[in-house]
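1. Give me a 3D structure for the following:
(one chain, ligands or ions: 2)
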Amino acid sequence: MAGEDLARTRERVAARLVGRERELELVLAAVAAGRDIVLEGPPGVGKTTMLQAITEEWGIPLVLVEGNADLTPAKLIGHHNPARVLQEGYDADNFVPGPLVQAMRDGGFLYIEEFNRAPDDVINTLLTAMAERRIAVPRVGVVQARPTFRVIASMNPYDNVGTTRLSTSVHDRLNRLAIGYQDAAAERGVVALRTGASGPLEDRLADDAVAVTRATREHPDVRQGSSVRGAIDLVLVARQLAALRGVRDPGDDAYPALVHDAMVVALSGRIHLDEAAEATPEQVLKEIWEDHFLLRPSAAAPG
Ligand SMILES: Nc1ncnc2c1ncn2[C@@H]1O[C@H](COP(=O)(O)OP(=O)(O)O)[C@@H](O)[C@H]1O
Ligand SMILES: [Mg+2]
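-> Numbering: from 1, shown residues only. Ligands and ions are numbered 1, 2, ... in the order given. Okay, the predicted model is just below:
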């Protein structure tokens, strides 16, 4: 792709994201170079959003597949429709393409989340498709990938359950970019974009939601805290609670308790405690809430 076109893609995609200029530029450079890449980072950092924006901009499909222990090369490649095989016998016509063949044929991005959770044979199938850009499908023939076919994989560095340790020879075949959490201002922008928060009550809710969500990542008992998804839901839930309880102003006495209740709903399932921790998610959230509203009263003052 010509440099000018790529720069234009970058501008258009950037307009759909909050921040992430550097990550976007690096991912674009990798895929424009014809390379496949692993995005390493926790959930909720905008990986899918970025890939969706890039593929939509280019008018190519984004084919999603979740890497887990049940994934097999056959599921990835596709299968023959058994009912039709009975009638017609094996035929290229009654082949139902799996995500890999679909992405290769259509020139899309195959986005495999939790790549490191996939079994070895699945990883090998992908590596072969990446290296050769074609795949032999029994009774169908050779599927040649269109030039825009890419494999994008994601891995969560905090994920140490059920993962295959990838061999160095796998790593040697892949490009990689680590994508971490954004800063508070950017997360505040994401929350505003996704919730449409406006007005004094919702502005304050968005600020508080981002602050307490970020605090879940710092708490000593937490192995992995909540992404900005938790902050988005916190605002959406709190907005409804505020309407139910008739809270219209962040200075209202009922405001802090409202945030606490919304935190329980939006965050308790999103924080993963250390094995050794004795606290419950609710207790951790209560601590974070107290720290935010009671120990730092300036945070509770309007404005
Ligand atoms: N930089 C960003 N710009 C716009 N929205 C974002 C950004 N980062 C995260 N989001 C939003 O946060 C949520 C999670 O993002 P997502 O792309 O699904 O994360 P991931 O794929 O890394 O798990 C989505 O609602 C998404 O729209
Ligand atoms: Mg995702």
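
2. so where is the stretch 101-250 of the chain shaky, pLDDT-wise?
-> With pLDDT under 70 as the threshold, the stretch 101-250 of the chain has low-confidence stretches at 160-165.

3. Quick check: closest non-adjacent residue to N124.
-> Counting by C-beta to C-beta, 6 or more residues apart in numbering, P73 is the residue found nearest to N124 once chain neighbours are left out, at 7.9 Å. Glycine gets a C-beta too; all of them are placed from N, C-alpha and C.

4. Need the per-residue pLDDT for the one you found.
-> P73 carries a pLDDT value of 95.

5. what's the answer for the one 10 residues further on, then?
-> What the model reports as pLDDT for A83 is 88.

6. And for the one 10 residues further on?
-> Looking at D93, its pLDDT stands at 82.

7. ditto for P297
-> With respect to pLDDT, P297 has a value of 58.

8. again, but for A276
-> Looking at A276, its pLDDT stands at 89.

9. How many residues are close by the residue in the stretch 51-200 of the chain that ligand 1 sits nearest to?
-> Closest to ligand 1 within the stretch 51-200 of the chain is V190: 4.3 Å, counting by C-beta to the nearest ligand atom. Other residues lying near V190 total 24 when counted by other C-beta atoms under 10 Å.

10. Pretty sure R229 is one of the things it touches, is it not?
-> No. Judged on C-beta atoms under 8 Å, V190 makes no contact with R229 at a distance of 9.4 Å.

11. returning to that earlier point: the residue nearest to N124 against D121, yeah?
-> Yes. Taking contacts as C-beta under 8 Å, P73 lies within contact range of D121: 5.4 Å.

12. Quick check: the gap between L26 and ligand 1.
-> Separation of L26 from ligand 1 (C-beta to the nearest ligand atom, to the nearest Å): 14 Å.

13. Kindly apply the preceding question to V210 instead.
-> Taking C-beta to the nearest ligand atom as the measure, V210 falls 12 Å from ligand 1.

14. Can you name the helix or strand that that residue falls in?
-> Element membership of V210 [criterion: DSSP states H and E] is helix 199-216.

15. show me the contacts for the closest residue to ligand 1 within the chain.
-> For the chain and ligand 1, the shortest gap (C-beta to the nearest ligand atom) falls at G46, measuring 2.8 Å. Neighbour list for G46: 17, 20, 179, 182, 190 [criterion: C-beta atoms under 8 Å, 6 or more residues apart in numbering].
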